[in-house]
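Visitor: Okay, here's the prediction I keep looking at, along with the sequence it came from:
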Amino acid sequence: MKPFAFERARNVDHALSLAAAAPGARFLAGGTNLLDLMKLEIEQPDTLIDVGRLPLADISETAGGGLRIGALATNTFVASDPRVRSRYPVLARAILSGASVQLRNKASMGGNLMQRTRCTYFMDPAKPCNKRLPGSGCSAMGGLSQATALFGASEFCAAVSASDMSVALAVLDAEVETVRADGSVRRRPVETLHRLPGDAPQVDTDLAPDELILAVELPPPPSGSQVWRKVRARASYIGALASIAVAGDRVALGAVAARPWRARATEAALAGGAAPREAAEAELVSASGQDGRKSLVRRLATDAIQESLKGGRS
């Protein structure tokens, strides 16, 4: 592991000033992803800024009837909160499907959003990867990976997002609140936090280097059923081959793009009275990549939408 400086933030302002003074610094919360990548020398920050003790771990009601979840709330804490379980069951289920108990006890809300792809070639320093080393090539193109992007890929990268939680947050129309060293606060939808690869796949999100996630805010829960489904290669805490979140009339797909993918074509088809399979197919018209994965997504989406229409809550 490459040597690095370590700073412990006393408060949010201190964390931001440290980040502004150390270009290339990374914020450290639970460390369940970043530290692993540092051991593999995929991530090589010069400075780590420990934000794990900042007072950003509460879950509170909002004036509009939603929930505000602090960026440092652990995944276990969020998934077990009675308000999340009763009002946003799709979020609780997505979190519980994403990792072991031990990891959920350490992983934070903000850290989960910031985790990097689990693409086999990104995780192997011996293989060319534009996301890891720009200009080196993309080994996933024509490779053996089972999980390449169906939507939003470019000639430079076909990696997919690893976050199950972000798929549920996207279908719930959740927003991320961030702050920068100059005091400016921004809010944006979770579904647009991550960038599609374009010609710069090494840049995962639209966050500035000195920008810190403060919270995720959920609007009031949508009317209708909430359903979560995930398919993986084996019955363990491994990344998804495909996943889907349905909440009322909204649909989001996971492990099919570099960010959670709101299935707008599927939503429009359902609004027009299409059957579940027809609605699933409406989204896949624009998909590229492996036919086997398209078929998997089609079956998964059809099943989840059917369950939702029957009043399912799983």
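Guide: Perfect, I can see it now. Numbering: from 1, shown residues only.

Visitor: Show me where this protein has its strands.
Guide: In the chain, the segments counted as strands under DSSP state E are 5-8, 26-28, 47-50, 59-61, 67-70, 175-179, 185-189, 212-218, 226-232, 240-247, 250-254, 261-262.

Visitor: Can you tell me what sits against the third one?
Guide: Outside strand 47-50, the residues that touch it by CB atoms under 8 Å, 6 or more residues apart in numbering are 4-9, 15, 18-19, 22, 24-28. Yep, even glycine has a C-beta here, placed from its N, CA and C like the rest.

Visitor: likewise the first one?
Guide: Residues from elsewhere that reach strand 5-8 (CB under 8 Å, 6+ apart): 18, 22, 25, 46-50, 53.

Visitor: The same query, at a cut-off of 7 Å, please.
Guide: 18, 46-50 (CB atoms under 7 Å, 6 or more residues apart in numbering).

Visitor: Show me which of those are buried.
Guide: 18, 47-50 (16 or more other CB atoms under 10 Å).

Visitor: So which residues of the stretch 201-314 of the chain form helices?
Guide: 264-271, 276-284, 291-309 (DSSP state H, counting those that start in this stretch).

Visitor: Kindly reformat those as TSV and extend each row with distance to Thr148 and mean pLDDT.
Guide: Below are the helices of the stretch 201-314 of the chain laid out as TSV (distance: least, CB to CB, whole Å; pLDDT from 0 to 100):
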stretch	distance to Thr148	mean pLDDT
helix 264-271	20	98
helix 276-284	15	97
helix 291-309	8	95
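
Visitor: before we move on, back to that, distance to Pro220 and pLDDT for the buried ones among the contacts of strand 5-8 - can I get that in CSV?
Guide: As requested, the buried ones among the contacts of strand 5-8 are exported to CSV (distance: CB to CB, whole Å; pLDDT from 0 to 100):
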residue, distance to Pro220, pLDDT
Leu18, 37, 97
Thr47, 40, 97
Leu48, 37, 98
Ile49, 34, 98
Asp50, 35, 98
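
Visitor: from the residues you listed, which is closest to Gln290?
Guide: Leu48 (37.4 Å; CB to CB).

Visitor: Distance to Ala247 added to the buried ones among the contacts of strand 5-8, as CSV?
Guide: Shown next, in CSV, are those (distance: CB to CB, whole Å):
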residue, distance to Ala247
Leu18, 38
Thr47, 39
Leu48, 36
Ile49, 35
Asp50, 35
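
Visitor: Closest one to Asp124 out of those residues, please.
Guide: Out of the buried ones among the contacts of strand 5-8, the member with the shortest distance to Asp124 (by CB to CB) is Leu48, at 23.6 Å.

Visitor: Which residue, other than its chain neighbours, is closest to the closest one?
Guide: Closest residue in space to Leu48, ignoring its immediate chain neighbours: Leu28 at 4.7 Å, by CB to CB, 6 or more residues apart in numbering.

Visitor: Surely the one you found and Leu34 touch.
Guide: Yes: Leu28 is in contact with Leu34 according to CB atoms under 7 Å; the separation is 6.2 Å.
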